[in-house]
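Undergrad: Below is the sequence, then the predicted model.
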Amino acid sequence: MLLHDIAHRRAGDKGDTSTLSLFPYRDEDFDLLVREVTADRVRAHLADHVRGEVLRYELPNLCALRFTCRQALDGGVTTSLALDTHGKALSSRLLPLDLRRRDG
């Protein structure tokens, strides 16, 4: 089961920090997200794009997880020469995370 099978995302960016939020399609899948989508797994999955720390915040009243990814936008949207340094692209890269694999 891939993350995008059970959740959708929102993203934002500020400077060189990207914020990625996950919301399960069904509230009853929130506990699965909490258990399986850790800051370490997000950091490992996005290792090619995130050079800094990843922090996770649980928002149980919203059934959401929010990740703050530092050093993730090649210096920031307004300073980068990369084609797409917005958090939206980074959050799309998170959704193929395989929840069955435990390698990182």
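TA: On my side now, so go ahead.
Undergrad: how about residue 46, what does it touch?
TA: 54, 69, 72, 90, 93, 94 (Cβ atoms under 8 Å, 6 or more residues apart in numbering). In short, each C-beta sits where N, CA and C put it, glycine included.
Undergrad: Show me where the protein has its helices.
TA: All helices of the chain, identified by DSSP state H, fall at 3-6, 30-36, 39-45, 87-94.
Undergrad: Counting neighbours, which of the contacts of residue 46 comes out on top?
TA: Neighbour counts for these (other Cβ atoms under 10 Å) peak at residue 69, which has 28 neighbours.
Undergrad: was I right about that one contacting residue 51?
TA: No. Contact criterion Cβ atoms under 8 Å: residue 69 and residue 51 do not qualify, at 9.3 Å.
Undergrad: Determine the number of other residues adjacent to the closest residue to residue 3 other than its chain neighbours.
TA: Sequence neighbours aside, residue 97 is the residue nearest to residue 3 in space, at 4.3 Å (criterion: Cβ to Cβ, 6 or more residues apart in numbering). When counting by other Cβ under 10 Å, one arrives at 21 neighbours for residue 97.
Undergrad: Residue 97 is in contact with residue 43, isn't it?
TA: No. Contact criterion Cβ under 8 Å: residue 97 and residue 43 do not qualify, at 11.4 Å.
Undergrad: pLDDT-wise, which helix or strand of this protein ranks last?
TA: Here the helix or strand of the chain ranked lowest by mean pLDDT, DSSP states H and E is helix 87-94, holding a mean of 66.
Undergrad: The spatially most central residue of the chain pairs with what?
TA: Computing the C-alpha centroid of the chain and ranking residues by Cα atoms, centre = their mean puts residue 20 first, at 4.3 Å. As for beta bridges, residue 20 partners with residue 11, residue 67 under DSSP bridges.
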